Structure formats: C-alpha cells, structure tokens
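Peer 1: Just the structure for this:
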Amino acid sequence: MKCFYFSGKEKNDESKTTKSISVRSSTSVSISTDHDMRRSGSEFNSENVSDFSTESSTKNTFAALSQRQSNLREFTFLELKTATKNFSRSLMIGEGGFGGVYKGVIRSTEDPHKKIDIAVKQLSRRGLQGHKEWVTEVNVLGVVEHQNLVKLVGYCAEDDERGMQRLLIYEYLPNRSVQDHLSSRSQTTLPWDTRMKIAQDAARGLAYLHEGMDFQIIFRDFKSSNILLDEHWNAKLSDFGLARLGPSDGLSHVSTAVVGTIGYAAPEYIQTGHLTAKSDVWSYGVFIFELITGRRPSDRNRPKGEQNLLKWVRPHISDIKKFRLILDPRLEGKYSLQSAYNLAEVANKCLVRKAKLRPKMSEVLEMVNRIVEAVDMVSPQLPMNSSTPKDDSELSGSERLKRMFADLITGDRGCLIWRTWRPKMVRTC
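Peer 2: Predicted coordinates for the structure are as follows:
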C-alpha cells in the first residue's frame, strides 16, 4: 500500500517547519514497515516530498507534549549496534521509506540478568527526510501510554562522522502486523474471533487517542500495516510519525498537507486538507472491510471491478445472502455470519460521506463491544494453517447427509439459525 504526500504550499495558518534536530522540539519519525513504501511515488503524486513546508509546523503541534515528563530511555548508538549485532541483515524485520527495522536484545535496567526483546527503527542518514516524523513519534509515545498502543522504550540521537544517527526503540511484537496475516502470501489465517478482537482493540486504541486524554491526537495514517500483534494476539497501534494534535478549542479542524495511505484517507481530507478525528473514523471503517474480506483497500492486481475495496463491497452489503460472497474465503466458512454482517454495518456508519454524521470512536467501540459480547466465544483460536476442505464429491453418502443436515442448522457457516428455520412441505416422488 503506497503512502502519498500532496505537494504544494501548506495552508496559510501554518508556518514552515524548522530543521531543528532537538528530540524535545517536536516531531517524529515513523519508518513505516509497509513493504510497498519501497516504491517511489504514488497515484496522487509521483514526487517524494522532502520540503518540510508541505507539513504543518511542529512547533504548532507537539511542542506542548515535549514539556511533559516522559519515561523514555536514551540509548547510545553503541548500545544499539550491540543489541542488533551491528544492524545485521539477518535481524531485519522490516524496511520502509525511512529506513530499516531490526530485532534486538537489551538487558533490563531493573534486572541486569533479564533480557528484553526490542524492535529498533533506524532512520536513514540520507538528508532530513523523516526527521520530523521521528521527533513527533518521540513526543507522542513519550507521554502517551495505553494497552492498545505500541510502547516506545527509548530513542537515540547522536552525531558521528557520518551524520546524525536517529533511532527509535520499541517493545518487540512477535506476531507482526495485521496486514501480514491478511496477505495471500501468509501461511496462517487469522480466525474470525481473532479478527473481531483486533477490531475491538484497534477501536479502543483510537478512542483513547481521540477522547481519553486532556488533548486529542489524530492518527492520520491508520491502516492494517500499522496495527501490530503481540504474543497473545492483542492489537496495538504503531507508527505515529504522521500524527497531529486535534484542533484547538473553538476550531473545527486542523489544516494540513494531505498525507497518508491510498485507500484509507477520508474524502474530505483529500479534497480540502481539513483534518479531524472523523478522518480516522473513516480509515477505521475501511479497515473493518479489510478484516471481513481479507482484501486490501486498493489492489491493482485484481479484476477492474474489484480493485477498489469499498466499491466492490457496496452491492453486497444490503443483502445478507449477497454479503456472504465477500467474506474472506481463507476463513473456510468458520465465522459467525451475523457478527460479520453487524460489523459491516458499523463500518458503513464510519464511511458516511459527511464527516459530521460519522460516529465518534468511543461510540464505534461501544458498537463493536456489543457485537463481540453477543458472539458465544468458546475459546480463543490461534491462527490456522490454510487447508482445503473436502468437496462434496469426496464425501461418502453418510457424510454428505450429515453435512446437509448441519447446513440446515448452521446456515453452512457455523452460525446457529434455529429461530429462523421452519419445517416445510417436501414433495416426494
């Protein structure tokens, strides 16, 4: 999925960004691990933006956060070289437009005998591209902490003979991103109940950013590759380099350059550059359909009528019989059709064209919570290896009869439908 930057002048109410290196000045770098960011350009603009005038002044955004106390650890570059075995390619776990991400090991400051796995983002030393996002991420994650936000352990900012070394050190999340598991290349499939939990966790994280603090943070780049999974498959939002503080009291929006990822950005933001929390709500709605279908928001490798996810699902969501056709086939029928349909209805509310009519994320979270609670969760499932179910022609006569009877009861998709099933007259020969 490509990220885009609209070139051009910034809005008049925002001053140009200074090229300060101070970590506490206000900016951040998210070195996105989205594989498609390796390609240059985008559908919107083929040029890479390096002029910081296209972004709003960091002094006007996260300067206030830099004054708050943080518990971030300041690492030396030597420590991180040791932790990553001199940034060994064998330990690289991601690569994006701003640099590489490496797995590393450090010793706990509380218990020297305890080792901690970390993820280290190293910003490319080629110019200042990405420095602004690096400082933003330090300032945001330095003071914001939540169970559904990735934890920033510390940072490194050192000068050496080759220039400025800028790195971010995070908790290591072993189960990679949601996008990795939804990809057709993945060897495992996320079970339906895990997908519902991810939807719930992601909504909780966004609701906290929007409404859980005495200031508002707009994510601005919410997407499946920025949602990481820990060892227990809990979802955590990551990569806050494009985040912005919400509008000041009395203002309806923040005016800013249009940046983000194709397929996720809200239409009013693309058209006007007016950013609100409802922009994130739109992106969340897109993500829900990504979870339901297993498809990316924009995919040029698909047939022409299926390249745009939202256009493709639209004819299917008004009828629950048609709706079944868009569910991820890798789930192999192991899902609750009603919960998937209810989740799609939540997505539709998030995707209302008029931003003011979209629900707040706290309201979205309440709706998702109700859907999750309504499903009888027997036990959490681990991602399953892909396997092909038996075709009816491969079954014995007795097995076919059993499947037919099970389909009558479960609707062929594992959802009990006793209340809707009624005996009918059957003509016999």
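Peer 1: and this structure, what are its domains?
Peer 2: Residue ranges for the domains of the chain, per automatic domain parsing: 3-171, 178-384, 394-429.
Peer 1: Which strands or helices does the helix or strand where residue 310 lies pack on?
Peer 2: With elements taken from DSSP states H and E, the one containing residue 310 is helix 309-313. For helix 309-313, the packing partners by 3 or more Cβ pairs under 8 Å, 6 or more residues apart in numbering; DSSP states H and E come out as helix 277-293. No exception for glycine: its C-beta is placed from N, CA and C like everyone else's.
Peer 1: now the helix it packs on: mean pLDDT?
Peer 2: The pLDDT scores in helix 277-293 average 97.
Peer 1: now do stretch 305-324
Peer 2: Averaging pLDDT along stretch 305-324 gives 92.
Peer 1: what residue ranges in the stretch 101-250 of the chain are flagged as low confidence?
Peer 2: Along the stretch 101-250 of the chain, the parts satisfying pLDDT under 70 run over 125-130, 249-250.
Peer 1: which residue ranges form the strands in it?
Peer 2: Under the criterion DSSP state E, counting those that start in this stretch, strands of the stretch 101-250 of the chain are mapped to 115-123, 152-160, 163-171, 188-189, 217-218, 227-229, 235-237, 244-245.
Peer 1: which other residues reach the fifth one?
Peer 2: Under the contact criterion Cβ atoms under 8 Å, 6 or more residues apart in numbering, strand 217-218 has outside partners 140, 144, 209-210, 240, 243-246, 254, 275-277, 279-280.
Peer 1: Now, of those, which are buried?
Peer 2: For the contacts of strand 217-218, a burial check counting by 16 or more other Cβ atoms under 10 Å picks out 140, 144, 209-210, 240, 243-246, 254, 275-277, 279-280.
Peer 1: Identify, from those, the entry nearest to residue 173.
Peer 2: Relative to residue 173, the closest of the buried ones among the contacts of strand 217-218 is residue 240; by Cβ to Cβ it sits at 14.9 Å.
Peer 1: hang on, the earlier thing: could you say which one of the strands of the stretch 101-250 of the chain comes nearest to residue 369?
Peer 2: Each of the strands of the stretch 101-250 of the chain was checked against residue 369 via Cβ to Cβ, and the shortest separation belongs to strand 235-237, namely 14.6 Å.
Peer 1: what sits up against that closest one?
Peer 2: 147-151, 173, 178, 197-198, 201-202, 205-206, 209, 219, 222, 226-230.
Peer 1: Those residues, buried ones only, as a ChimeraX selection?
Peer 2: Applied in ChimeraX, the following selects the buried portion of the contacts of strand 235-237 according to 16+ other Cβ under 10 Å:
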select :148,149,150,173,178,197,198,201,202,205,206,209,219,222,226,227,228,229,230
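Peer 1: Look up how far residue 323 lies from residue 72.
Peer 2: In this structure, residue 72 and residue 323 are separated by 46 Å, where distance is defined by Cβ to Cβ, to the nearest Å.
Peer 1: and if you look at residue 84?
Peer 2: The span separating residue 84 from residue 323 equals 46 Å under the rule Cβ to Cβ.
Peer 1: Pick out whichever of the two has more residues nearby.
Peer 2: Remark: of residue 84 and residue 323, residue 84 carries more neighbours, 23 against 17, as counted by other Cβ atoms under 10 Å.
Peer 1: And the more buried one, what's its pLDDT?
Peer 2: In this prediction residue 84 is given a pLDDT of 96.
Peer 1: With residue 383 instead?
Peer 2: At residue 383, the pLDDT value in this model is 66.
Peer 1: residues contacting the residue nearest to residue 174 when sequence neighbours are not counted?
Peer 2: The spatial neighbour of residue 174 that comes closest, neighbours along the chain excluded (Cβ to Cβ, 6 or more residues apart in numbering), is residue 231 at 5.4 Å. Going by Cβ under 8 Å, 6+ apart, residue 231 touches 173-175.
Peer 1: and residue 142, how far is that from residue 306?
Peer 2: For residue 142, the distance to residue 306 - Cβ to Cβ - is 42 Å.
Peer 1: Neighbour count for those two, which is higher?
Peer 2: Between residue 142 and residue 306, counting by other Cβ under 10 Å, residue 142 is the more crowded of the two (22 against 15).
Peer 1: Roughly how far does the residue nearest to residue 174 sit from residue 176?
Peer 2: Separation of residue 231 from residue 176 (Cβ to Cβ) stands at 11 Å.
Peer 1: try residue 235
Peer 2: When distance is defined by Cβ to Cβ, residue 235 is 12 Å away from residue 176.
Peer 1: Could you do residue 347 as well?
Peer 2: If you measure residue 347 against residue 176 using Cβ to Cβ, the figure is 24 Å.
Peer 1: Those two: which is more packed in?
Peer 2: Higher neighbour count among residue 347 and residue 176: residue 347, with 23 against 15, using other Cβ under 10 Å.
Peer 1: ok so that one is a helix residue?
Peer 2: Yes: residue state for residue 347 (DSSP: H, G, I helix; E, B strand; the rest coil) corresponds to a helix.
Peer 1: List the contacts of it.
Peer 2: Contacts of residue 347 by Cβ under 8 Å, 6+ apart are 284-286, 288-289, 292.
Peer 1: and with 7 Å instead?
Peer 2: If you count contacts by Cβ atoms under 7 Å, 6 or more residues apart in numbering, residue 347 has them with 285, 288-289.
Peer 1: Repeat that for residue 230.
Peer 2: For residue 230, the contacting residues are 173, 175, 236, taking Cβ under 7 Å, 6+ apart as the criterion.
Peer 1: Identify, from these, the entry nearest to residue 356.
Peer 2: Distance from residue 356 was checked for each of the contacts of residue 230 by Cβ to Cβ. The minimum falls on residue 236, at 29.5 Å.
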